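> I would like the atomic coordinates for the input below:
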Amino acid sequence: MYGMLSAMTTDQLPAPAPNPAEGWKMFFRWGPYGLLALGTAMAAATAGHMMTAAETYPAGVLAATALALELWWTRTRPGRPEQDPAARAYYTARTVLAFLLSWLNPFFAIYAVIGYFDAQELLPARWVRPGLFATALTMAGSQSGGLPPGSATQWVALGALYALNAGLALLFGHLGMREAEAAEARAATIAALERANARLEQALEENAGLQAQLLQQAREAGVGDERRRLAAEIHDTIAQGLTGIIAQLRAVDAAEDPRTAREHLERAQDLARRSLGEARRSVQNLSPTALAHDALPEALEKTVAEWGEQTGTRAEFTVTGTAEPLHDEIEATLLRIAQEALANAARHAGADRVGVTLSYMDDEVTLDVRDDGRGFDPAVPPPRTASGGFGLGGMRARAERLAGTVGIESEPGQGTAVSVRVPLVRHD
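All right, here's what the predicted structure looks like:
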C-alpha cells in the first residue's frame, strides 16, 4: 500500500475528508460569543416585557462581565491542558453568569446552552454531571417562563422541564463519552498503524540493504568461482593439450618414416586447434558476453540455438510470463547455469531433444532445462569429469548465493530435468 500511495500524483490523491474535531474546536472558540450576542439581542428586544427598568442595568453589567470572561478565556486557553483549574473556574463562572442573566431575562438561556457541549472538555469526570445539572436548571427555568416561578403551575412545569433537561443532558453526555472513547480508540488504531507502517518501512530498508549485501557477496564469490574454474580448465584442457602437442612434435623428430611423422604432425595440429578452441571458450566464459547487447531471454534464445547447431540436437526455447529487466547478477547466474546444463546434456545425456523454459512469476524467476537422454540416478554422486567442469554442485552453489535453489529430476533412461529458482530482483 505504501508503494501505491507514493506513486500517486498530487492530482490523483483524494481530497482530505473534513475533520470533525476542527469544527468543534472552532465552535468552542467562537460559539460562546455568538450565543451571548444572540441572547443579549433577544433580551434587549424584549426588555420592556421581560425586565423592569431596574433589571436592565444589572443585565447589562452581567452581559459585559460575561463578554470579559470570554475574552479572558480566549486569551488564556491556548496551550493549557484540558480540565485544568482555569477551565473549571471558567465553566463555573460562565454557568453562574448565565443563570443570573436568565433570572433577569429568559432569553439569556441561549447563552447558557453552551454548557451542555463543553462540560466534558472543561470539567473533570466527577464534575461533569453537576455541571450538566446546573445548565439544565437554567434551561428549565427559562422554558417554564422565567425564574423564580410565579405560581404552583410554574413550579410543576419547572420540575418537569428540569427532569427532562437533566435526562437529556445525561443521555447526550453519555453519547458524547462513547464518541470520545471511540475517537480515542480510532486515534490509538491509527497510531498503531503508523507505527506498524514505520516498522514495515524500516524492514524494507533493511531488506534492501541485505539484498545489496547478498548480491555483493554473490559477485565476490562468483569471481572466485570463475578463477578456480578457469584454473581447472587451463590445467585440464589447455595445459594437457600443449603437453600432447609437445609429445607429438617430439614423435615427429624421432620418426624415421615420413608417413608416421605426418600422422604425428596432423595429431599435433588437431590438438592445437582443440586447445585454441578451449582457450577461446574459457576467455568468453570469463564474463557473459551474450548479455552485453541482449536481455536474458534473447541471450538464452541465441545460446540454445547455437548449442543445437553445434550438437545437432533439436533444441527449443520458451518464455512464459511477462519478461522484465533483472539485476545483472541474476541474469548472469541464470545464463551460466543454462550454459552448464546444456554442456552437461551434450557430454552425458545423448539426448535427441532438449527444451529450455524461462518463466517470470510474481516474486521469482525459474529456468528449466529438460532432455530426453539417458538420465541418471541423482542419489549417486556423478563421477568427476576430466575437464574439471562446473557440474551440478557448482550450479547449486551459484543459485544458493542468490537465495535460490536448483532441483534435479532424473531416472536412468528417462531423461533429466534441471529446475532453477531465484528471486525476481529487478534491474536498478
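
> in this structure, which helix is the longest?
Ranked by residue count and defined by DSSP state H, the top helix of the chain is helix 152-233.

> quick one: average confidence on that one?
For helix 152-233, the mean pLDDT works out to 78.

> now do that helix: which elements does it pack against?
helix 2-7, helix 119-122, helix 125-143, helix 258-284, helix 328-344, helix 391-401 (3 or more Cβ pairs under 8 Å, 6 or more residues apart in numbering; DSSP states H and E). Placement of C-beta: from N, CA and C, glycine included.

> which one of the ones you listed lies closest to residue 159?
helix 125-143 (8.1 Å; Cβ to Cβ).

> and the closest one, C-alpha only, in CSV?
In CSV, the C-alpha atoms belonging to helix 125-143 read as follows (Å, rounded to 0.1, in the frame of the first residue of the first chain):
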residue,chain,number,x,y,z
ALA,A,125,-15.2,13.4,35.1
ARG,A,126,-16.7,13.8,38.7
TRP,A,127,-17.8,17.4,37.9
VAL,A,128,-19.4,16.7,34.6
ARG,A,129,-22.9,15.7,35.9
PRO,A,130,-23.1,18.6,38.4
GLY,A,131,-22.2,21.0,35.6
LEU,A,132,-24.9,19.5,33.3
PHE,A,133,-27.5,19.6,36.1
ALA,A,134,-26.7,23.3,36.7
THR,A,135,-27.1,24.1,33.0
ALA,A,136,-30.3,22.0,32.9
LEU,A,137,-31.7,24.1,35.8
THR,A,138,-31.0,27.3,33.9
MET,A,139,-32.6,26.0,30.7
ALA,A,140,-35.7,24.6,32.6
GLY,A,141,-36.2,28.0,34.3
SER,A,142,-36.2,29.7,31.0
GLN,A,143,-38.5,27.3,29.4
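
> so what does that helix touch, helix or strand wise?
helix 85-104, helix 109-112, helix 119-122, helix 152-233.

> comparing those helices, which comes out most buried?
Each of these was given a mean neighbour count from mean count of other Cβ atoms under 10 Å, and the largest, a mean of 26, is that of helix 109-112.

> turn the helices and strands packed on helix 125-143 into TSV, including distance to residue 342.
Output for the helices and strands packed on helix 125-143, formatted as TSV (distance: least, Cβ to Cβ, whole Å):
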stretch	distance to residue 342
helix 85-104	82
helix 109-112	92
helix 119-122	77
helix 152-233	16
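
> so which of those gets nearest residue 72?
Using Cβ to Cβ and comparing the helices and strands packed on helix 125-143, the one that lies nearest residue 72 is helix 85-104, at 7.9 Å.

> distance between the closest one and the chain's centre?
53 Å (Cα atoms, centre = their mean, to the nearest Å).

> and if you look at stretch 402-410?
Distance, centroid of stretch 402-410 to centroid of chain: 30 Å (Cα atoms, centre = their mean).

> check which residues of it are buried.
402, 403, 404, 406, 410 (16 or more other Cβ atoms under 10 Å).

> let me know the closest of those residues to residue 146.
residue 403 (83.8 Å).

> would you list the phi and psi of the closest one?
phi 60, psi 30 (degrees, to the nearest 10).

> do the one 5 residues further on as well
With angles defined as degrees, to the nearest 10, residue 408 shows backbone torsions of phi -120, psi 130.

> now swap in the one 5 residues further on and tell me
Backbone geometry at residue 413, expressed as degrees, to the nearest 10, gives phi 80, psi 0.

> ok, it to residue 349 distance?
Applying Cβ to Cβ, to the nearest Å, the value for residue 413 to residue 349 is 11 Å.

> ok, now which ones touch the closest residue in space to residue 328 that isn't next to it in sequence?
Sequence neighbours aside, residue 427 is the residue nearest to residue 328 in space, at 7.3 Å (criterion: Cβ to Cβ, 6 or more residues apart in numbering). Residues near residue 427 by Cβ atoms under 8 Å, 6 or more residues apart in numbering: 325, 326, 327, 328.
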